[in-house]
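In: Attaching a predicted model along with its sequence, questions to come.
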Amino acid sequence: MHILDICLPLFLFFIIQSKTGRWKEYAIFIPFIFCFYVLFAIVIQGHATMRHDYFEVYKWFKYGVTLLFFSQVDFHFFKKTIPILFGTLIAINSIHFFDLFNFNELLKGYYNGGIHIEYFGKNSLGEPAVKRMVGTMGNPNINAIMFGAFSIYFFPVNFNRKVLVYFLVSLLFLFLCQSRTSILFLAAMFLFILVFNAKIWTKKQWLIVLLGTLIAYLIAWMLATSFFQYTAYNNSLLDGSALFSGSARGRFETWNLLFAQIVEYPIFGHGPYKDYFYANHIYAENEYILMFWRYGIIGLFFYMSLYLIPFWQFVKKANKSLIPVLLLLILMSVSALTNNPFTERNIELLFCIGLAWGYQLFHSNKQMYESK
C-alpha cells in the first residue's frame, strides 16, 4: 500500500472542509470525468466482473483527489523540506551506484529493484556493462523522471548560483540513470526555453548552463561506463543506433500489436482489460498508445487534456514563475512516449504536487493582475 492510499481519506476530509474556492478550475476536474469514463468503458466492454480493472477507476479518482488537495495546501513547508529530501536521495543513489555496504541487496529485497538491480552494471549475459542507476524507484527510467522533476524544481529561472549547482547535480544523476527518454526531455526543455523564454538568461548565462549540462553529461558518461570501458546507453540515441536496439524492437512489436487491435474499438477502446496484459506479458511502454487501446479516441483526448489544458493556460499567462510547471508538463508528456509515468505512484504524486503548485501560482498571479 502506497502513502497516497493511506492519506486519501484525510485528503477527502480536508477537501470537504475546505472553502478556498479552488473548485472552479476545470482542469482539476478532468481526472474525475476520466474516472467515470473508465467505468463506462469497463461496462460497455463487458468487463464488469474483472476486479483488476476497477483499480484504474480508483487510480484516476485518487489522482483527482490528490490534485485537489495539494491545490489548497501551503507550499512553504514543502519548500523547506525539498532540499533535505533531495540530499537524502542523492546519498541513497550514490551508495547504490557505487554499491557501498552491499546496499544493492537491500534495494533488491525491499525496493522492487528486481532484475534492474540483479543486472546492475551487467549485460544480459552477466558480463560487465554500463551502469544504469535504479535507486529506490525500481526502474532506471522512472528514476530518471524523478531526477528530471528535481532538475525542474531547481531550474535556474533567475540564475541563482546555488540553485544552478542544484540543477546541474540533478542533471548529473538524471544522466547516471542512462535513460534515453531523458535526452529527449532535455532537448524539448531547452527548445521550449529557446522559443518562448530565451531572454530569461544573458548569452553568458546560456553558455554557462549549456556548458554545465555538457560537463554533467560527460561525468555521467565516464562514471556509468567505468571510465569509457563500455558503451553508454544514452549515446545510442545520439548516434541513432537506439532505433535498432532490442529494446526499441520490443517496443515497436508491442505498439504494432496494440495498434492492430485499436482499430477494432477506436471510439471507446477495449477498457482497462488488465488481464489481457497480464496473460500475454505485455507492457505498453507508451502511455498514449495504452490510453488509445484502453479507452479509444475519447479516452486519449481525456488523457492528453491532463497535459494540454494546463500547458495552454500557463503559456498564455506568460509569467516566468510558471516556467518550471510548464517544464514538468513537458517532462511527463515526453516521458509518456516510451514509458507509462502515471502507473508509477511516486511519479504521480510528484506530478500532482507540481501541477497543484502551478495552479496556486497561476491563480495568485491572476488575482494580482486583476486587482491592478
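Out: Good, I have the coordinates. Numbers count the residues shown, from 1 in each chain.
In: if I look at residue 130, how far off is residue 31?
Out: Residue 130 is 38 Å from residue 31, where distance means C-beta to C-beta, to the nearest Å. C-beta: built from backbone N, CA, C; applies to glycine.
In: Sorry, wrong one. I was asking about residue 319.
Out: 25 Å.
In: ok, these two, which is more surrounded?
Out: Each of residue 319 and residue 31 has its neighbours counted (other C-beta atoms under 10 Å); residue 31 has more, 21 against 14.
In: what's near enough to touch the more buried one?
Out: By C-beta atoms under 8 Å, 6 or more residues apart in numbering, the contact set of residue 31 is 60, 61, 63, 64, 67, 306.
In: which SSE is it in?
Out: In this structure, residue 31 sits in helix 26-44 according to DSSP states H and E.
In: in that helix, what's buried?
Out: By neighbour count on 16 or more other C-beta atoms under 10 Å, the buried set for helix 26-44 is 27-28, 30-32, 34-35, 37-42.
In: hang on, the earlier thing: list the ones among the contacts of residue 31 that fall in helices.
Out: Cross-referencing the contacts of residue 31 against helices under DSSP state H gives 60, 61, 63, 64, 67, 306.
In: For the third one, report the pLDDT, please.
Out: Which is residue 63. Note for residue 63: predicted pLDDT of 93.
In: With adjacent residues omitted, what lies nearest to it?
Out: Distances taken as C-beta to C-beta, 6 or more residues apart in numbering place residue 31 nearest to residue 63, at 4.7 Å, with adjacent residues excluded.
In: roughly how far apart are that neighbour and residue 55?
Out: For residue 31, the distance to residue 55 equals 15 Å [C-beta to C-beta].
In: Check residue 248 too.
Out: For residue 248, the distance to residue 55 - C-beta to C-beta - is 30 Å.
In: repeat for residue 149
Out: 24 Å.
In: Pick out whichever of these two has more residues nearby.
Out: Neighbours were counted for residue 149 and for residue 55 using other C-beta under 10 Å; residue 149 has more, 23 against 11.
In: Which residue, other than its chain neighbours, is closest to the more buried one?
Out: Distance criterion C-beta to C-beta, 6+ apart; nearest residue to residue 149, sequence neighbours excluded, is residue 350 at 4.9 Å.
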